[in-house]
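1. Sharing a model that was predicted from the sequence below.
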Amino acid sequence: MIKFDNVTYVYPTGVKALNSVSVEIGRGELVALMGENGAGKTTFIKHLNGLLKPTSGNVYVDGKDTKTLSVAQLSRIVGVVFQNADDMFFLPTVEEEVAFSLRNLGFSEDVVQRRVDWALKFMELEEYRNRSPFLLSGGEKKRLALAIILAWNPQVIAMDEPTVGQDSMQKEKLKEMIKQLNLQGRTVIISTHDVEFVAELKPRVILMSKGRIIADGKAEVILTDGELLSSCSILMPQVAATMSRLADLGFNAKVISVEEAVRNIVEGLRRLEHTRRA
Amino acid sequence: MSILEGLKFYAGDTAIHKLDPRVKFLVSMLMLIIVVMYAEVWMLTILIAVQAAIIYVAKVMRRWLKTIKGSMPLAALVFGLNAIFFISTGTYTTLQEVFYHSLALAYRLVLFLSSFSIFFLTTTPEEIGLTLTSWHVPYQYTFAFISAIRFTPIIAQELRDIMDAQRARGVELDRGGPLQRARKFIPILVPLLANALRRAYELAEAMEVKCFGAAKKRTSLMELKARPKDYAVLLTALVFFGLAVYYRLFPF
Amino acid sequence: MEIVRVEGLTFTYSGFDTPAISDINLSIEEGEFVLLLGPSGCGKSTLCRCLNGLIPHFYAGKMEGRVLVAGMDVSKTPTYVLSQYVGMVFQNPENQLFSLTVENDVAFALENLGMPRDEIRRRVDFALKAVGIEDLRKRSPFELSGGQQQKVAIASILALMPKIMVFDEPTSSLDPVSAKSIIETIFKVKKELGTSVVVAEHRVELLADKVDRVIVMQKGRIVKDGRPREVFVSEEMIPYGVPVPKVVSMAKGVNRHFKVFNEIPLSSEEFEQGIRRFIHDKVR
């Protein structure tokens, strides 16, 4: 679905944000893009919908070279939700905000109405239909931003730092929505620092540092690799960090969920009990 | 906007940078007055040579040249308009005279910019703020000035982010005739203003918490101290200025 | 010694019908480290702003009850006096820094108060040292990372030498490594200077084992005010959506099979210690 073929991107200031990046993301995958500030995550995301075009190399979205398409055309396939929802709002009501993009992309009026209804319902914003987007709370604004992008049903959804500023219940809800979207067959890419959030989602993790991809694999493998994480200034999720302290005791330390950790510790303790008895 | 390159501060450890900003400001002013007094190419050339020397010592030659280069279109315009004026009104009859006087006026424009350039290239915004305060400009204005410099890059980045966010919704900012493009500014302007207002509110809170406006007489951590070197430079500049004025009034 | 006392405080923002906070009673002593928890909109930010006079001086509304800071009634004392007792650091570091060098920013509040130059210099040195950013002294704020900027913001408030520092979601806009650094800085300040600290935060993993007291708010009211274990371990807090540190869930899970922990750990270190102690005791 998404293919980066030896992509290098250099900003006009001379900063090389992406350095020979090659990666493929299949349809329906759930991917977390991680890395320290300045690793190139946001630059990567901007290449998905054509906001940036590679200085060298090519990006293919659904088989098409992004250099041949406009941002508006690519946005139909790849919906990007940026970090700051406030950067989008300018209309009097929530409903109009969602409808605006649909009209821009050329949908007919009855389709617009249906899609607006669907998006508001899915993001649980029905009750705010006629409210001004400026009067929404932080969490509601983020949901609205997502609703706006979801409305035209892009195959790929990319979110840049969706969890920043959210409390634990809002994050729970967000997690559920991401899972739902992925179950519906959408390709979901989230760029985030939040290791705990990623540990709970267990997606494929692509780890970037200084413009390169330095690791690509399962969350359980990457988030438990202490050296790898510290080389990009990322903290290990608490479960993995705790388990790694106990690695010398023979417990399997490569876990990121509470249930698995408990299971491993209990098994380990049982084994110790047996050897003691023996 | 290469014209602006020569008006932004560029860090350096040179003797010029270390001069008291008040002296630099006064010297720039004196040069400006000389430019106004003389529309003669020879004097303007002397001035530009002096400025170039100062710029060389301050190691900001490249930026200064960028401003000069950037001002060329405007200078050419001034040259052209004045030439037409002189010819049509018959102020000067020979081609040589028309050329010389139009050139002088265009030259003047360049020198105007260049005089300012020296000051801005080698003086930090903070020093400019201190200069204003030392001349008893009320603190609110200095603060507004420094805040503008402080937040301009942030607002500029925000503008780029807003444009990206709206493009990602299908707003095509780069297409359409002038009227269409003007309408497309609303989805850019409204979020920009809303964000600016929100930011202003947060800033006001932080200012309140930092006791802004508490004391009638505000003190400062930094102070401007004029040293012998500064007085020497000022004196030299005044001497040359005096000579220039004298020559204008009593040419020999 | 009591620094802040809140009695029967209810505040309604002007233009709203329902109060943002209702019937708040609490007392904060010298040297206490308090964590303020609660979902978005529960009134944490409002309560924070009542502690230093922003409410009622900066925000309009109806205030009932009273707040005493070092014995002074907040509604009768100007904010610049209160700021020297209660310091406040906000969420977004970018919007708290005003000058073009770190040094000048830390001096900003002191300059506004008209302090003599050598006093300003002394306090700037003190604040930069306390936060550990002396090497950033001459740098420009917008060159710095979010975490560094927030440290400058903390130093600029510390320069006022307040008896209590209030932090309203200070790590919200920061990445985890910077967040950890800021929490550690806050803890360092509390330990070395004895300043009382109130932090409104969601990132409980970093704070659970460091705080003395946890106050949970919901819909404008305080629903729990107790020691960390009372809040994170007890089942009664679950309906309030209090985020629970993962080690607590892990420990409870293990305890169901083996009675490893007598006291549920609040950090990775405590968890590790508990397991090793258990194994050591069993082996003997």
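-> Cool, got the structure.
2. Hmm, B:Leu105 and B:Phe79 touching each other?
-> Yes: using CB atoms under 8 Å, B:Phe79 is in contact with B:Leu105, at 7.2 Å. Glycine gets a C-beta too; all of them are placed from N, C-alpha and C.
3. so what sits against both of these two?
-> When contacts are counted by CB atoms under 8 Å, 6 or more residues apart in numbering or on different chains, B:Phe79 and B:Leu105 have no shared neighbour.
4. Report the secondary structure state of the nearest residue in space to A:Ala39 that is not next to it in sequence.
-> Leaving aside its sequence neighbours, A:Ala39 sits nearest to A:Met208 (CB to CB, 6 or more residues apart in numbering or on different chains; 4.2 Å). Three-state call for A:Met208 (DSSP: H, G, I helix; E, B strand; the rest coil): strand.
5. Can you report how many residues lie near A:Met208?
-> For A:Met208, the number of neighbouring residues by other CB atoms under 10 Å in any protein chain shown comes to 26.
6. For it, give me its contacts.
-> A:Leu33, A:Met34, A:Gly35, A:Ala39, A:Gly40, A:Lys41, A:Phe44, A:Ile214, A:Cys232.
7. Looking at strand pairing, list the partners for it.
-> Beta bridges link A:Met208 to A:Ile213 when assigned by DSSP bridges.
8. Tell me the predicted confidence for A:Asn6.
-> With respect to pLDDT, A:Asn6 scores 94.
9. Can you check the pLDDT for the residue in chain B that chain C sits nearest to?
-> The nearest approach of chain B to chain C comes at B:Ala215, 3.1 Å away (CB to the nearest CB). Looking at B:Ala215, its pLDDT reads 87.
10. what helix or strand is the nearest residue to it once chain neighbours are set aside on?
-> Spatial nearest neighbour of B:Ala215, excluding adjacent residues (CB to CB, 6+ apart): C:Gly114 at 3.1 Å. Using DSSP states H and E, C:Gly114 falls within no helix or strand.
11. show me the contacts for C:Gly114.
-> If you count contacts by CB under 8 Å, 6+ apart, C:Gly114 has them with B:Ala214, B:Ala215, B:Lys216, B:Lys217, B:Arg218, B:Thr219.
12. isn't the second one right up against C:Leu110?
-> Pointing back at B:Ala215 there. No: using CB under 8 Å as the test, B:Ala215 is too far from C:Leu110 to be in contact (10.0 Å).
13. Compare the two and say which one has the larger neighbour count.
-> Shown here are B:Ala215 and C:Leu110; by other CB under 10 Å, C:Leu110 has more neighbours (28 against 15).
14. Need the three-state assignment for that one.
-> Going by three-state DSSP, the state assigned to C:Leu110 is helix.
15. State whether it and C:Ala159 are indeed in contact, as I suppose.
-> Yes: with contact defined as CB under 8 Å, C:Leu110 counts as touching C:Ala159 (5.6 Å).
16. hang on, the earlier thing: using the three-state scheme, assign the residue of chain B closest to chain C.
-> Applying three-state DSSP: B:Ala215 is coil.
17. ok, now how distant is it from C:Met115?
-> Noted for B:Ala215: a distance of 8 Å to C:Met115, by CB to CB, to the nearest Å.
18. ditto for C:Ala200
-> Applying CB to CB to C:Ala200 and C:Met115 gives a distance of 30 Å.
19. Between the two, point out the one with more neighbours.
-> C:Ala200 (24 against 20).
20. Phi and psi next, for the residue of chain B closest to chain C.
-> Dihedral pair for B:Ala215: phi -100, psi 140, per degrees, to the nearest 10.
21. can you tell me which residues contact it?
-> C:Asn112, C:Leu113, C:Gly114.
22. List phi and psi for the closest residue in space to C:Leu100 that isn't next to it in sequence.
-> Distance criterion CB to CB, 6+ apart; nearest residue to C:Leu100, sequence neighbours excluded, is B:Glu126 at 4.8 Å. Taking degrees, to the nearest 10, you get phi -60, psi -40 for the backbone angles of B:Glu126.
23. Could you count how many residues lie near B:Glu126?
-> 19.
24. shouldn't it be in contact with C:Phe98?
-> No: using CB under 8 Å as the test, B:Glu126 is too far from C:Phe98 to be in contact (11.2 Å).
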